[in-house]
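Asks: take a look and give me a structure for this.
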Amino acid sequence: MPIKNRLSEMQAEIAEWRRDLHENPELMYEVHRTAATVAAKLRAFGCDEVVEGIGRTGVVGVIKGKTDTRGHVVGLRADMDALPILEATGLEYASKTPGKMHACGHDGHTAMLLGAAKYLAETRNFDGAVAVIFQPAEEGGAGGAAMVKDGLIPRFGIKEVYGMHNSPGLPVGQFSIKPGPFYAATDNFTVHLTGKGGHAAYPHRSVDTTVMGCQIVMTLQTIASRSADPLESLVVSVTAFKTESEAWNVIPERVELRGTVRTFDAGIRKMAEERFKAIVHNTAAAFGGSADITWSPGYPSMVNAETETEYAIAVAEKIAGPKGVDTNCPAIMGGEDFAYMLEACPGAYIQVGNGNTAEVHHPLYNFNDDAIPFGASYWVELVETRMPAA
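Replies: The predicted structure follows:
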């Protein structure tokens, strides 16, 4: 079955909603305008229930099918927040707020789910109920965890939950998905090294934190190359190296390192943290200095449930055809806080093609409006397939 004709007809309208959101990006939990816009549209569509303030600024709309029952509820989730990036697209609907930008396509995710909600509220060609979930703070704020802690799953009786993300490089009209671990666990670190500063002409009188830091950066790479099974996925990236002095003739007393560790397996994740701390402390001590480590556990690995992934694949193939759904796609080292919802409820996460566009989190990125009918049709078909009308 191809994309829904009605959703093709709605594409321009949905794109208009998306571009309004793009012009008015909001960060983390401060998505007040976005959440209010979503809630107002859901009420205008005729949703049976609209609840605001779940997970601080999340919104949930409930649409009942032909039978008035809550025996089975399917949850569909979209994220609403933007990123602290200065937009460089030059689009007529570019961000009106310098330093804030929808650089990950959450404007498109929200608009597609709104389009599906409007269609489902009009047709109600299913039995049971659907909960459309609009989540804040995916970009580092764990809004998914906040909504789960706020009782999202039991409150709305959700039995299975699904998410979607656009994928630059994947052709428009195609999907990609895999069962099991799909997105990585994300842990972040900050290291403060302390030595003894001094004149660069007399390094023997100092404890050189720059050399110490360089040695640590290089040795940390052995966690992946020598401590982990080569068949396991593990990334250790030091992304910032800051000294307290910019003078060419001063050995700084303190250096700061920051970065991230990405893993899929819980055992590898634990090992990486232990090896990281041992390498940093012991290397600093070997140079005669000391280290203070702040380890910040991030999102867990996002794991697609086997059965629900099979459901999602079957639905995607109805939209895109069997050749339009990549079920052997590689796992992704990026993080995704939909992981918390999948820990609380079985479900699956899928990627929809965004075409030949800039990568997400880039100042030139823009969600491709041509993807709207495909993403929205997937949502609708998922509901009608999982809860067919009698």
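
Asks: next, give phi and psi for V161.
Replies: Phi and psi for V161, reported as degrees, to the nearest 10, are phi -130, psi 140.

Asks: distance-wise, check it relative to C345.
Replies: 5 Å (C-beta to C-beta, to the nearest Å). C-beta coordinates here come from the backbone N, C-alpha and C atoms, glycine included.

Asks: more neighbours: which of those two?
Replies: V161 (27 against 19; other C-beta atoms under 10 Å).

Asks: re the thing from before, shared neighbours of V161 and C345, which are they?
Replies: G75, I153 (C-beta atoms under 8 Å, 6 or more residues apart in numbering).

Asks: can you give me the buried ones in the helix or strand harbouring G259?
Replies: Taking DSSP states H and E as the criterion, G259 maps to strand 254-263. For strand 254-263, burial by neighbour count (16 or more other C-beta atoms under 10 Å) applies to R254, V255, E256, L257, G259, T260, V261, R262, T263.

Asks: same question, stretch 138-158
Replies: 138-148, 152-153, 156-158.

Asks: and it, how far out from the chain middle?
Replies: Distance, stretch centre to chain centre, for stretch 138-158: 14 Å (C-alpha atoms, centre = their mean, to the nearest Å).

Asks: who touches that stretch?
Replies: Here stretch 138-158 has contacts from 27-29, 54-56, 58, 60, 62, 70, 73-75, 77, 79, 81-83, 104, 106, 129, 131, 133, 135-137, 161, 299, 336-341, 343-345, using C-beta under 8 Å, 6+ apart.

Asks: equivalent analysis for stretch 366-374, please.
Replies: 3-4, 7-8, 11, 14-15, 18, 22, 89, 91, 102, 105, 107-108, 111-112, 115, 166, 172-173, 175, 319-320, 352-355, 357-358.

Asks: so which of the residues you listed sit within strands?
Replies: N166, F175, V352, G353, N354, G355 (DSSP state E).

Asks: list just the nearest of these to V325.
Replies: F175 (4.8 Å; C-beta to C-beta).

Asks: quick one: list the elements packing against the longest helix along the chain.
Replies: Determined from DSSP state H, the single longest helix within the chain is helix 266-286. For helix 266-286, the packing partners by 3 or more C-beta pairs under 8 Å, 6 or more residues apart in numbering; DSSP states H and E come out as strand 185-194, helix 209-220, strand 234-243, strand 254-263, strand 290-297.

Asks: please work out the average pLDDT along the shortest one.
Replies: Summarised as a single mean, pLDDT over strand 290-297 is 97.

Asks: would you mind giving the helices and strands packed on helix 266-286 as a markdown table with distance to R226 added?
Replies: What follows is the helices and strands packed on helix 266-286, written out as a markdown table (distance: least, C-beta to C-beta, whole Å):
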| stretch | distance to R226 |
| --- | --- |
| strand 185-194 | 19 |
| helix 209-220 | 10 |
| strand 234-243 | 11 |
| strand 254-263 | 15 |
| strand 290-297 | 20 |
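
Asks: mind checking which of these is nearest A331?
Replies: Of the helices and strands packed on helix 266-286, nearest to A331 by C-beta to C-beta is strand 254-263, at 10.2 Å.

Asks: centre of the chain to that closest one, how far?
Replies: With C-alpha atoms, centre = their mean, you get 20 Å for strand 254-263.

Asks: before we move on, the earlier item: just the buried residues of strand 254-263 now: which is nearest A35?
Replies: T260 (28.9 Å).

Asks: picking up where we left off before, restrict the longest helix of the chain to CA atoms and write it as PDB.
Replies: Only the C-alpha atoms of helix 266-286 are listed here, as PDB (Å, rounded to 0.1, in the frame of the first residue of the first chain):
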ATOM      1  CA  ALA A 266      26.200  -2.900  29.500                       C
ATOM      2  CA  GLY A 267      29.300  -4.900  30.300                       C
ATOM      3  CA  ILE A 268      31.400  -3.000  27.800                       C
ATOM      4  CA  ARG A 269      30.000   0.300  29.200                       C
ATOM      5  CA  LYS A 270      31.000  -0.600  32.800                       C
ATOM      6  CA  MET A 271      34.500  -1.800  31.600                       C
ATOM      7  CA  ALA A 272      35.000   1.400  29.700                       C
ATOM      8  CA  GLU A 273      34.300   3.600  32.700                       C
ATOM      9  CA  GLU A 274      36.600   1.600  34.900                       C
ATOM     10  CA  ARG A 275      39.500   1.600  32.400                       C
ATOM     11  CA  PHE A 276      38.900   5.300  31.800                       C
ATOM     12  CA  LYS A 277      39.300   6.200  35.400                       C
ATOM     13  CA  ALA A 278      42.300   4.000  36.000                       C
ATOM     14  CA  ILE A 279      44.100   5.400  32.900                       C
ATOM     15  CA  VAL A 280      43.500   9.000  33.900                       C
ATOM     16  CA  HIS A 281      44.400   8.700  37.600                       C
ATOM     17  CA  ASN A 282      47.400   6.500  37.100                       C
ATOM     18  CA  THR A 283      48.800   8.500  34.200                       C
ATOM     19  CA  ALA A 284      48.400  11.700  36.100                       C
ATOM     20  CA  ALA A 285      50.200  10.200  39.100                       C
ATOM     21  CA  ALA A 286      53.000   8.800  36.900                       C
END
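
Asks: what residues of that helix count as buried?
Replies: Quick answer for helix 266-286 (16+ other C-beta under 10 Å): I268, R269, M271, A272, E273, R275, F276, I279, V280, H281, T283, A284.

Asks: average model confidence for it?
Replies: 97.

Asks: so which residues make contact with it?
Replies: 185, 187, 189, 191, 193, 212, 215-216, 219-220, 222-223, 227-229, 232-234, 236, 261, 263, 290-291, 293, 295, 301.

Asks: T57 reaches F134, doesn't it?
Replies: No: contact criterion C-beta atoms under 8 Å: T57 and F134 do not qualify, at 9.2 Å.

Asks: between those two, what contacts are shared?
Replies: Joint contacts of T57 and F134 (C-beta under 8 Å, 6+ apart) are A35.

Asks: the more surrounded of these two?
Replies: The residue with more neighbours, out of T57 and F134, is F134; 32 against 25, by other C-beta under 10 Å.
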